[in-house]
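Engineer: Requesting a structural model of the entry that follows:
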Amino acid sequence: MGLFNLFSKEKKQTLDQGLSKTKESVFSKIEHAIAGKSKVDDEVLDNLEEVLITSDVGVETTLRIIERIEKRVKTDKYVGTEELKYLLKDEISNLLIENGLEDSQNFDAPIVRKPYVIMVVGVNGVGKTTTIGKLAYQFTKSGKKVYLGAADTFRAAAIEQLDIWGQRVGVPVIKQHNGADPASVAFDTLKSAVANDADVVLIDTAGRLHNKVGLMNELTKIKNVMQKVVPGAPDEVLLVLDGSTGQNAFEQARQFTAATEVNALAITKLDGTAKGGVVIGISDQFKVPVKYIGLGEGMDDMQVFNRREFIDSLFAGMDTL
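Structural biologist: Residues are numbered from 1 along each chain as shown. Below you'll find the predicted structure:
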């Protein structure tokens, strides 16, 4: 069953709370943008453009949204500023839907094959290893057998951190010594996962980005070695981004999508920032689906992303403006 049919009251509350700083920031800026105005004119649209850009939606996506609203104002005769908020919500929703980004399945949805292999990439400090631990917890809670692979052998603390998460969640962690060949760790992980009939495998990788060619070669080697055990692996190359870094997250997405075949995104730390608009911009610009969002420190605060529910939550309460 998909998330759209399974969006619990508790999950909605977590989403609302996690986006509270972004909502407060965006709403106050919109209120300022339309203050003293009774109709949508060029000045209001210029102000709205500034609101979206300063909310880290991104320049390209902002210009697309403004252009769409301008057309609606002219053709549909929307002139009242009170209607602008609904236009904004509508056009952002339409933009994400038109990009063809499908909403992800819930953690308990059937997997396409066993083991389902997720290779996790991202720079150090974005919450990559924590994201792996939380995903392992969610998949385990939904009844799936999970294996973790500590292929970030460049940083000794990464192996230790993943091992701690494995113990906490109660899932096996396949590891070697610090400095070991990451591809060898990935190979061992998949061999163990296949032998033990695992459902999901999460492979941690090094967070270096100072040498794009070196990173690309390393990730390519890991993928090639994994395919010797599980043809077609990985099923996902999941890029983890820190939502609180705003435009820096855009740059990381740009570099990693150029370095490897990223096909899913996880955006973390949205609860601690007013930069939640980054989810909209990154979804639009990179045409890579945001699959997970992190909304807090708790084990249950990693959610499967649903664009409709995200937009509904982001604009909830706008009637009070």
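
Engineer: CA atoms for contacts and neighbours, from now on please.
Structural biologist: Will do.

Engineer: any idea how far the closest residue to Leu45 other than its chain neighbours lies from Asp300?
Structural biologist: Distances taken as Cα to Cα, 6 or more residues apart in numbering put Ile66 closest to Leu45, at 6.9 Å, once the chain neighbours are dropped. Ile66 sits 36 Å away from Asp300, going by Cα to Cα, to the nearest Å.

Engineer: excluding its backbone neighbours, what's nearest Leu84?
Structural biologist: Nearest residue to Leu84 in three dimensions, chain neighbours excluded: Val40, at 7.3 Å (Cα to Cα, 6+ apart).

Engineer: of Ile66 and Asp300, who's got more company?
Structural biologist: Ranked by neighbour count (other Cα atoms under 10 Å), Ile66 and Asp300 place Ile66 first, with 19 against 16.

Engineer: So the more buried one sits against Glu49, correct?
Structural biologist: Yes - applying Cα atoms under 8 Å, one finds Ile66 in contact with Glu49, separated by 6.6 Å.

Engineer: ok so, going back, just the pLDDT for the residue nearest to Leu84.
Structural biologist: Looking at Val40, its pLDDT stands at 83.

Engineer: phi, psi of it?
Structural biologist: Val40 adopts backbone torsions of phi -80, psi 110, taken as degrees, to the nearest 10.

Engineer: Confirm that Ile118 sits in a strand.
Structural biologist: Yes - counting by DSSP: H, G, I helix; E, B strand; the rest coil, Ile118 is found in a strand.

Engineer: What strand or helix carries the residue nearest the centre of the chain?
Structural biologist: Among the residues of the chain, Ala266 comes closest to the average C-alpha position under Cα atoms, centre = their mean, at 2.6 Å. Using DSSP states H and E, Ala266 falls within strand 264-268.

Engineer: what lines up beside that strand in the sheet?
Structural biologist: strand 236-242 (parallel), strand 290-294 (parallel) (DSSP bridges).

Engineer: In TSV: those strands, plus mean neighbour count.
Structural biologist: Listed next are those as TSV, based on neighbours: other Cα atoms under 10 Å:
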stretch	mean neighbour count
strand 236-242	25
strand 290-294	26
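
Engineer: For Leu96, give me its contacts.
Structural biologist: By Cα atoms under 8 Å, 6 or more residues apart in numbering, Leu96 lies in contact with 280, 283-284, 307.

Engineer: From those residues, pick the one nearest Gly232.
Structural biologist: Checking the contacts of Leu96 against Gly232 with Cα to Cα, the nearest one is Ser283 at 25.1 Å.

Engineer: contacting residues around the closest one?
Structural biologist: Contacts for Ser283 (Cα under 8 Å, 6+ apart) come out as 96, 289-290.

Engineer: chain center to the helix or strand bottoming out on mean pLDDT in the chain, what's the gap?
Structural biologist: The helix or strand of the chain with the poorest confidence is helix 9-18; it has a mean of 77 (mean pLDDT, DSSP states H and E). Helix 9-18 sits 17 Å away from the centroid of its parent chain (Cα atoms, centre = their mean, to the nearest Å).
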